[in-house]
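Undergrad: dropping a prediction and its sequence here:
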Amino acid sequence: MTAASIAMNRFGYGLAAGDSPPADPRRYLLRQFDLFDPAPATITARVNTRAKTGETLELLRRLRQDTKALAAMEQANAPNMAEAMRDEDPRAAALAGLPPEYRDKLTEARRVLAGDIAVRVNLALTSPAPMVERLVHFWSNHFSVSVGKPGTQFEAGPHEFTAIRPHVLGRFADMLSAAVLHPAMLIYLDQFQSIGPNAPFSQRRGRRGGDNPQRPRGLNENLAREVLELHTLGVDGGYAQADVTELARALTGWTVPGVGRVGRFAEEQTSGAAFVALVHEPGPRQVLGRTYAAGQAEQALAILDDLAGHPATARHIATKFARHFAGDTPPPALIARLEADFLKTGGDLASLTRTLIDAPEAWTQGPVKFRAPFEWLVAALRLTAITTLPPQRIVGALAELGQSPWRAPSPAGYDDFAASWAGPDALIRRVDLAERIARNVPPDGVIARAQAAFPGALSEQTLMQLKRAESGHQALALLLVSPEMMRR
Amino acid sequence: MTSFDRRSLLTGSLVLGAGSLALPRIAFAQGAGNRNLLFVLLRGAADGMAMLAPVGDPGFDSLRGASLADYDGAPRIGSFFAVHPALAQIAIAAEAGEVVFVHAAATAYRERSHFDGQNLIESGGTAPYATKDGWLNRLAGLINEGAPAPLRALAIAQAVPLALRGSAPVSNYAPSALPQASEDLLARVSQLYGADTELGPLWARALETKAMASDDGLNNLRDASAAGELTASLMRGEGGARIGMVELGGWDTHANQRGAFARSARQLDALLAAYKTGMGTGWSDTMVLVATEFGRTARLNGTGGTDHGTASAALVMGGAVRGGRVIADWPGLAASQLYDGRDLAPTIAMESVLAGAVAEHLRLDPARAMARLFPGRDAVPLSGIVRA
């Protein structure tokens, strides 16, 4: 690959039809720092759905007493592989079995979610800063939430839009607290119902001699564990079970507005979450050998801040960042550069990105990585000059390709190893989809487009096949699945 | 077609160079009335010599030996031409006098790029990409002049193809059941990944799985038939579209042509048969024009296929067509008679076939139609296609 091709494809989402390849690849990338819009109109104009989250969680609480309805709800919430392709929706039957109020809420949640996914994709299709859009999606996957968890559907989009996007060129510490303490994450990893065993609320309840046994009470360590293992230090980052428990205690009180009997005591937080002092575990905390004074909401914030700057975090982030851009087994020298930069700047992500751009290891001829489905689809659509797609088409295509946004199978996010994606079935799905996409758009100048998309990097083999195609539409379909498109 | 050399044979219903004696009466821009025109574009350069094999030509055996068996017992038109067995329904319609084949026809284009060739057969221009609208759209415009309301023109496609693009109003409708060229695309992807050590083996495994999982051929045939029915339903009756266009891919048969051509031909056959049935009593006022951007090499290549060539065959079908015959100024298949020493030589301008057929069918002045649809040419519109 040439530098121009690397700049567009390895760092970004490829060429948008009609654009010219960059004359100065490095400057082209650096300029995107200024061109990036952290709060575009499609995001700022989004209707606030926060209240619906509380309503949904309340609904779920009532549903728990009705296991049959709950099963139907879970089924209705499952991803559908052929959403846009089929008329009959297997979920329709499941939906029909629900009481109307639940059904309406689910339908609304799906509509809002589809709209948010469309916002994400359409932004990437037209962005003048495709590299920074890639960063948004990288970090969003680092702080993965899944709409497979009931109650998160109204929050997954806002999580990326407000907790990730504004910080991708800012401080890691800011992103960490915004992402971890956002309602989406608090619901996804069960934090919203974690209660300090010695918190005033528990004491009072204990005195009353027990409560409904169905009600959650006590500490939930899920979020604390994932913060240490996935978001900051990494699995070998040198923490112990005691650190997990202490962080979990510090996090108690952080919950979602409008939920439960303590909801009326909630204080709103900048992350969109609420803090309920009544359920916060009192006392000082000790995490990784450091002591944090007794406090309220700021206790967890102080711990998160220290975790953000920890050397193990620097190492962990540097490795993931390098793996994403420079291949499954990134050069140790690149990891070292990124790690050093992260430590030196205290987690300045703009500097980290600049260091990546400046690193010779990021510009190896390659290609170094098989494109994951989301990345492939966005690159393919950009190349066809499609600038906007209706939500259902996007949701359907991504489900078919196997990478629906905000639906990763675990809190670790979607796997960033090429081998996980480069399978026979993935190829067939992309070829099928490429044919459908190509049939829908004017197929003019495919050869010129191919040459602009992969300047100096288009193989003779691919060029020959494109020239031999029996129609412009077929040539475009072939271009979309060419080896040059599959890897970067 | 008045001054060509009748050097070949003239037998039975085979007519070489239809005479200009049987000129239908032509009223100037009388309007289409209830007449329908369906244009079927075969994308990928359909092999005219496979479609309508010149089995009577002494050169045919040596060029196409490997595929000769296909034409044993195939329906004949005269003793010279045999219709490909996959076009069974079309052959029956020809027998009933409803199909005219035109052979050794080509547009003015003499290069071998699909893109350029298709651009020309759709735009009607003389140089690729020079003309921005399509000849079918200009045809609609011509009929609309002086008509109380513009006629309905319709593409059965997800995007309006160039032939129908232009200033006259056009709509399009995409059936989910339009036959796909998927098999052809899959074969090309195999070539695309052929040299790739990662994607090549993955793709081979993908195809194995797919082959076990489904039978595409059957599905595509059903789809072709459904597309024909759908097209008819959108074109029949008072409110139906007067001009329609359908595209069919899968004709770029560089390898193993016998199977690949038969597959595509069966789809064309099923589509046209269903269309004819669907048009019902409207069939007597309907004309179907089938054409392709260029032909293929006369000789089979080393992989049992044919490469990009020059002249091909076209097909005119309809209730009012003076059919059951072949219009050709047969150029011959001897080495010296081939164009560039490799292709069937063009002796009829495809533009005059298209312009002549639509002018007669829609009662337009042929010279005016030619000038509007395919400007800048000196070829004379073909005549005598429609019964007087």
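TA: Perfect, thanks for sending it.
Undergrad: so residue B:91 touches residue B:75, yeah?
TA: Yes - applying CB atoms under 8 Å, one finds residue B:91 in contact with residue B:75, separated by 3.8 Å. Every residue, glycine included, has its C-beta placed from N, CA and C.
Undergrad: shared neighbours, these two?
TA: residue B:83 (CB atoms under 8 Å, 6 or more residues apart in numbering or on different chains).
Undergrad: who has more neighbours out of those two?
TA: residue B:91 (21 against 17; other CB atoms under 10 Å in any protein chain shown).
Undergrad: how much space separates residue B:52 from chain A?
TA: For residue B:52, the distance to chain A equals 20 Å [CB to the nearest CB, to the nearest Å].
Undergrad: residue contacts, that residue?
TA: Residue B:52 makes contacts with B:77, B:81, B:82, B:83, B:84, B:101, B:103, B:313, B:326, as judged by CB under 8 Å, 6+ apart.
Undergrad: and those residues, which of them are buried?
TA: B:77, B:81, B:82, B:83, B:84, B:101, B:103, B:313, B:326 (16 or more other CB atoms under 10 Å in any protein chain shown).
Undergrad: surely the fifth one meets residue B:48?
TA: No - applying CB under 8 Å as the test, residue B:84 and residue B:48 come out as separate, 10.3 Å apart.
Undergrad: tell me where chain A is predicted with low confidence.
TA: Where chain A drops to pLDDT under 70, the residues are A:67-97, A:206-217, A:261-263.
Undergrad: contact residues of chain B facing chain A?
TA: Neighbours of chain A within chain B, by CB under 8 Å from any CB of the partner chain: B:43-45, B:113-115, B:118, B:157-159, B:180-182, B:184-186, B:188-189, B:191-196, B:198-199, B:202-203, B:205-206, B:209-210, B:249-252, B:254.
Undergrad: pull out the buried residues from those.
TA: B:43-45, B:113-115, B:118, B:157-159, B:180-182, B:184-186, B:188-189, B:192-193, B:196, B:199, B:202-203, B:206, B:210, B:249-252, B:254.
Undergrad: and these, which of them are in helices?
TA: B:114-115, B:118, B:182, B:184-186, B:188-189, B:192, B:199, B:202-203, B:206, B:210 (DSSP state H).
Undergrad: endpoint to endpoint, stretch A:277-296 covers what distance?
TA: 6 Å (CA to CA, to the nearest Å).
Undergrad: need the residues that contact it.
TA: Contacts for stretch A:277-296 (CB under 8 Å, 6+ apart): A:194-202, A:219, A:238-239, A:242-243, A:246-247, A:249-250, A:252-253, A:255, A:262, A:265, A:267, A:275, A:297, A:299, A:302-303, A:306-307, A:310.
Undergrad: contact partners for residue B:96?
TA: By CB under 8 Å, 6+ apart, the neighbours of residue B:96 are B:323, B:324.
Undergrad: tell me where the chain has strands.
TA: Since you didn't name a chain, this refers to chain A. Remark: strands assigned in chain A by DSSP state E are A:254-255, A:267-268, A:274-275, A:285-287, A:290-292.
Undergrad: right idea, wrong chain: chain B
TA: B:36-42, B:52-53, B:76-77, B:81-83, B:99-106, B:153-156, B:171-172, B:243-248, B:286-292, B:312-318, B:325-327, B:348-349.
Undergrad: return the distance of the third one from the chain's centre.
TA: Okay, so that is strand B:76-77. Centre-to-centre, strand B:76-77 and its host chain are 19 Å apart (CA atoms, centre = their mean, to the nearest Å).
Undergrad: may I see the buried residues of stretch A:39-51?
TA: Applying 16+ other CB under 10 Å to stretch A:39-51 flags A:40, A:42, A:43, A:46, A:49 as buried.
Undergrad: if you could redo that for stretch A:253-269, that was the one I meant.
TA: A:253-260, A:262-263, A:265-266, A:269.
Undergrad: for that stretch, measure first residue to last.
TA: 11 Å.
Undergrad: the closest residue to residue B:271 other than its chain neighbours and residue A:54, how far apart?
TA: Of all residues not flanking residue B:271 in the chain, residue B:228 sits nearest, at 4.0 Å (CB to CB, 6 or more residues apart in numbering or on different chains). Look at residue B:228 and residue A:54: by CB to CB, to the nearest Å, they are 56 Å apart.
Undergrad: give me the more crowded residue out of the two.
TA: The neighbour count for residue B:228 versus residue A:54, taken as other CB under 10 Å, is higher for residue B:228 (28 against 20).
Undergrad: residues from the stretch 351-488 of chain A in reach of chain B?
TA: A:370, A:422-425, A:427-428, A:431-432, A:435, A:439-442, A:446, A:461-462, A:465, A:467-475, A:477-478, A:481-483, A:486.
Undergrad: hmm, 7 Å instead?
TA: A:422-425, A:427-428, A:431, A:435, A:439-442, A:461-462, A:465, A:469-472, A:474, A:477-478, A:481-483, A:486 (CB under 7 Å from any CB of the partner chain).
Undergrad: is it correct that residue A:199 is in contact with residue A:249?
TA: No - counting by CB atoms under 7 Å, residue A:199 does not reach residue A:249; the two are 9.5 Å apart.
Undergrad: burial check on residue A:334, number of neighbours?
TA: 24.
Undergrad: now do the contacts for it.
TA: By CB atoms under 7 Å, 6 or more residues apart in numbering or on different chains, the contact set of residue A:334 is A:322, A:326, A:359, A:361, A:362.
Undergrad: residues near the closest residue to it other than its chain neighbours, how many?
TA: Spatial nearest neighbour of residue A:334, excluding adjacent residues (CB to CB, 6+ apart): residue A:361 at 3.8 Å. Residue A:361 has 20 neighbouring residues, counting by other CB under 10 Å.
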